[in-house]
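Novice: Sequence and predicted structure, then a few things I'm wondering about:
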Protein chains: 2
Amino acid sequence: MSNIITNFNDKTVKYTQLLSDFKILLKKNSLKFTIQREVILETLYKSDKHLTPESLHHLIKENFPELKTGIATVYRTLALLEDSDMVTSLSFGAQGKKYELGAKEHHDHMICTTCGDITEFVDEEIENRQDSIAHELGFEISDHSMQIYGICKNCKN
Amino acid sequence: MSNIITNFNDKTVKYTQLLSDFKILLKKNSLKFTIQREVILETLYKSDKHLTPESLHHLIKENFPELKTGIATVYRTLALLEDSDMVTSLSFGAQGKKYELGAKEHHDHMICTTCGDITEFVDEEIENRQDSIAHELGFEISDHSMQIYGICKNCKN
DNA sequence: AGATATAATGCAAAAAATTATTATTTAAGA
DNA sequence: TCTTAAATAATAATTTTTTGCATTATATCT
Ligand SMILES: [Mn+2]
Ligand SMILES: [Mn+2]
Ligand SMILES: [Zn+2]
Ligand SMILES: [Zn+2]
């Protein structure tokens, strides 16, 4: 019997919901809803991957060529989304920061150093233990990030 | 009763031991032992902090001004040390990659988002659970990294 | 110790990544 | 539709990291 939950691919949040949250957030801060911002959110959602600002920008240029989105806008929007906790950034291995929509449930990452494949998972036992540790050290947790590196099932063969 | 171990400040490995390991490693790979490499290792050891290539370079220029160590050498040596598993890199928050000597025992990090203070810890329960998870998913662990973010005891007051 | 081979270094240039500037466009609200 | 304030693209400027190369230093061999 296991506590592990994997498969976060089936999206737990509908895009329309996400979009509406985004709009509310923008309004609350007197910010404007733009096509660029929508496209960035949508691309993050559809791709369902861990993207660098660069790779996200590429995807957008590919899928929305008529909209000449600048890289600076991607950076600015990612920063905005991260500040508002709609996306999370993490960095594994050599490459730089990667972003993913934080709309799915919290999860940690298991990364294959051979093929680069990423398995997302959550384990209740670890989550609980983290809380206990923080409590014992008088620390008030806001967040955490955990990555396990190694060789995946496939690559072992 | 707690499983948590903190205080990794009392160095578990003597510098002379570390240095000798380094020399053996270099010889094994037909690489040369240089003053720059020694100074980089020594500075990492003495500082006992999480340093960016930039801050490490600054420390070295301060403490060994006669040796005009170039930043490129710092980058190259950090890469070498990381490849050989003598240092570990991790990246929290906004700033870039930070390096620390991996000679001390493995540990994870609890980072105060207010004052930036870092508490290092290890929890056996979590370590074990990570192994179980990997096993269940057919994954062969080589390493892991875990950071807990929040507000520390001091900053709560 | 001196000669030889080869790796490492510093410096400068190049490349990559990120941030700031600004004129122009666009969204939101009246 | 008109007004105004924010966002954008484009570009420049910074910052960070990597690379090329001429010179220096290290290890090994006589
Ligand atoms: Mn993920
Ligand atoms: Mn540490
Ligand atoms: Zn794999
Ligand atoms: Zn603090």
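Specialist: Yes, it's here. Computed from a predicted model, the values in this text were never measured in an experiment. Ligands and ions are numbered 1, 2, ... in the order given.
Novice: quick one, what contacts the closest residue to A:Leu59 other than its chain neighbours?
Specialist: Excluding the flanking residues, the one nearest A:Leu59 by CB to CB, 6 or more residues apart in numbering or on different chains is A:Thr43, at 5.3 Å. C-betas here are computed from N, CA, C, even on glycine. Applying CB atoms under 8 Å, 6 or more residues apart in numbering or on different chains, one finds that A:Thr43 lies in contact with A:56, A:59-60, A:63.
Novice: Going by secondary structure, A:Thr43 is in what exactly?
Specialist: helix A:35-47 (DSSP states H and E).
Novice: now for the next helix or strand along the chain from that helix, which elements pack on it?
Specialist: Using DSSP H and E, the helix or strand that follows helix A:35-47 in sequence is helix A:53-63. In terms of contacts (3 or more CB pairs under 8 Å, 6 or more residues apart in numbering or on different chains; DSSP states H and E), helix A:53-63 is packed against helix A:35-47, helix A:71-83.
Novice: Around DNA strand D, which positions in chain A sit nearby?
Specialist: Within chain A, the residues that sit near DNA strand D (CB under 7 Å from any atom of the strand) are A:26, A:30-32, A:34, A:36-37, A:67-73, A:76-77, A:94.
Novice: of all of chain A, which residue lies closest to ligand 4?
Specialist: Closest approach between chain A and ligand 4, counting by CB to the ion: A:Phe139, at 8.8 Å.
Novice: For ChimeraX, what selects the buried ones among the contacts of A:Thr43?
Specialist: A single ChimeraX command selects the buried members of the contacts of A:Thr43 (16 or more other CB atoms under 10 Å in any protein chain shown):
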select /A:56,59,60
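Novice: quick one on the thing from earlier: now the residue of chain A closest to ligand 4. Its backbone dihedrals?
Specialist: When quoted as degrees, to the nearest 10, the phi and psi of A:Phe139 stand at phi -110, psi 140.
Novice: wait, doesn't it sit right on B:Ile151?
Specialist: Yes: using CB atoms under 8 Å, A:Phe139 is in contact with B:Ile151, at 7.1 Å.
Novice: Those two: which has the busier surroundings?
Specialist: A:Phe139 (23 against 17; other CB atoms under 10 Å in any protein chain shown).
Novice: From ligand 2, how far off is that one?
Specialist: According to CB to the ion, to the nearest Å, A:Phe139 and ligand 2 sit 16 Å apart.
Novice: what's the answer for A:Glu105, then?
Specialist: From A:Glu105 to ligand 2 the distance is 28 Å (CB to the ion).
Novice: I'd say that residue and A:Val122 touch.
Specialist: Yes: in this structure, A:Glu105 is within contact of A:Val122 by CB under 8 Å, at 6.9 Å.
Novice: how about the longest strand seen in chain A, does it reach ligand 1?
Specialist: Using DSSP state E, we find that the single longest strand of chain A is strand A:140-151. No: residues of strand A:140-151 are not located near ligand 1 by CB under 5 Å from the ion, the shortest gap being 9.9 Å.
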